[in-house]
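Peer 1: from the sequence below, what's the structure:
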Amino acid sequence: MQAIRSNFVARMEWPTLALLALDYAVLAALVWFHSALAWWIILPIGAYFGCINGSLQHEALHGHPTWSRRLNEALVFISPQLWLPYGRYRDLHLAHHNDLNLTCPVRDPESYYLLPDHWQAMPGWRITLHNFNNTLMGRMLVGPAISIIQFWGQEFSALLKGRTQGRKCWLAFGVSSVLVISFVVWCAMPVWQYILLIAYPSISLSLVRSFCEHQAAEDVGHRTILVEASAFWALLFLNNNLHIAHHERPKIAWYKLPAYYAEEKARLVERNGNYLKLGYGEIFRSYFWRSKESVAHPNVNWLRHR
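Peer 2: Next up, the predicted model:
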């Protein structure tokens with residue numbers, strides 16, 4: 001019995017569990033004490049810890065912090081960002097990890113590229129909107145709204161057409177959302193205030209990570225970035241800024257990933273064609289006002305015949 005208990009303790013990733021507990025505690029405290037706090041205190045702290053919650057969901061879908069998938073999913077069941085059903089996120093993100101399909105507008109669920117034919121057929125106002133969303137400023141300001149409208153529209157359309165996959169995920173998401181909103185209302189915090197100060201800006205921060213995560217390139221290895229981030233951003237994204245390292249070894253816990261990167265840096269930088277950024281400051285300076293790339297995929301022939 002003692003051996004079983006020791007094995008149980010040894011297989012738990014305690015740093016992740018501690019961060020998860022802290023994350024929920026901070027968010028709950030912000031809502032509970034909202035009337036005593038200025039908006040400029042709630043906004044940055046709420047956005048930061050709301051974003052961390054999304055990063056913790058990412059850890060859970062890759063098999064952390066325990067050996068049990070059901071327990072991991074129970075631990076991240078409450079979703080403060082109020083936009084992405086965990087089960088759908090899990091399924092789509094794991095499909096995204098097929099590196100041969102990275103950036104493909106059709107086969108990569110997380111691609112921001114569009115097929116050239118679709119791009120050319122778009123009305124002018126949508127082209128303008130997508131171009132703005134392809135700047136970092138646009139991605140943070142309107143990116144959450146665009147992501148929610150597009151994703152929810154596609155999901156509900158598929159469900160209405162009879163698709164059964166994902167129904168349970170949306171039901172669980174509905175329960176989670178009701179619990180979050182009920183707590184917000186119980187604490188007498190206006191729901192619109194929660195959305196504007198915590199939920200929406202936390203998605204904006206999450207989109208900073210994904211903005212440069214992948215680029216269209218013929219070489220599969222060159223499609224995934226490395227960002228040598230400060231502690232502020234590394235904790236926010238749970239070291240997922242070391243993105244090609246994560247794609248190569250997705251089962252490594254977030255707090256062990258920097259050591260793996262340090263050991264393998266030369267090889268990883270060579271593998272990804274030196275797609276390396278020295279911090280998110282470099283990304284903000286380069287792309288806050290201008291697009292990183294064209295929205296239309298530059299060459300789908302790299303992808304179609306693989």
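Peer 1: report the mean confidence score over the strand or helix carrying Ser177.
Peer 2: Per DSSP states H and E: Ser177 is located in helix 167-186. Averaged over helix 167-186, pLDDT sits at 97.
Peer 1: by contact count, what packs against it?
Peer 2: Here helix 167-186 touches helix 14-32, helix 86-96, helix 143-160, helix 191-194, going by 3 or more CB pairs under 8 Å, 6 or more residues apart in numbering; DSSP states H and E. For glycine as for every other residue, the C-beta is placed from the backbone atoms N, C-alpha and C.
Peer 1: so which of those helices comes closest to Tyr287?
Peer 2: Across these, Tyr287 has its closest neighbour in helix 143-160 (12.7 Å, CB to CB).
Peer 1: for that closest one, list every residue counted as buried.
Peer 2: 143-144, 146-148, 151, 155 (16 or more other CB atoms under 10 Å).
Peer 1: could you report the pLDDT at the residue nearest in space to the middle of the chain?
Peer 2: The geometric centre of the chain, computed from its C-alpha atoms, lies nearest to Ser206 (CA atoms, centre = their mean), at 5.2 Å. pLDDT recorded at Ser206 is 98.
Peer 1: surely it touches Gly54?
Peer 2: Yes: using CB atoms under 8 Å, Ser206 is in contact with Gly54, at 5.0 Å.
Peer 1: buried ones in the helix holding Ser177?
Peer 2: Residues of helix 167-186 classed as buried: 169-170, 172-173, 176-177, 180, 183-184 (neighbour count, 16+ other CB under 10 Å).
Peer 1: overlap in contacts of Ser206 and Gly54?
Peer 2: Gln81 (CB atoms under 8 Å, 6 or more residues apart in numbering).
Peer 1: tabulate the buried residues of helix 167-186 in JSON lines, adding columns for distance to Asp108.
Peer 2: Output for the buried residues of helix 167-186, formatted as JSON lines (distance: CB to CB, whole Å):
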{"residue": "Cys169", "distance to Asp108": "20"}
{"residue": "Trp170", "distance to Asp108": "22"}
{"residue": "Ala172", "distance to Asp108": "25"}
{"residue": "Phe173", "distance to Asp108": "23"}
{"residue": "Ser176", "distance to Asp108": "26"}
{"residue": "Ser177", "distance to Asp108": "27"}
{"residue": "Val180", "distance to Asp108": "30"}
{"residue": "Phe183", "distance to Asp108": "35"}
{"residue": "Val184", "distance to Asp108": "34"}
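Peer 1: burial count for Asn98?
Peer 2: Counted by other CB atoms under 10 Å, the residues lying close to Asn98 total 12.
Peer 1: quick check: the gap between it and Pro109.
Peer 2: Taking CB to CB, to the nearest Å as the measure, Asn98 falls 10 Å from Pro109.
Peer 1: kindly list the main-chain dihedrals of His214?
Peer 2: phi -140, psi 150 (degrees, to the nearest 10).
Peer 1: contact partners for it?
Peer 2: His214 neighbours (CB under 8 Å, 6+ apart): 102-103, 110-111, 223-225, 243.
Peer 1: distance of it from Ile42?
Peer 2: For His214, the distance to Ile42 - CB to CB - is 32 Å.
Peer 1: same check on Arg167?
Peer 2: Counting by CB to CB, the gap from Arg167 to Ile42 is 35 Å.
Peer 1: report the separation between Gln120 and Ala296.
Peer 2: Using CB to CB, one obtains 8 Å as the distance from Gln120 to Ala296.
Peer 1: those two: who's more crowded?
Peer 2: A direct count of neighbours by other CB under 10 Å for Gln120 and Ala296 places Ala296 higher, at 19 against 10.
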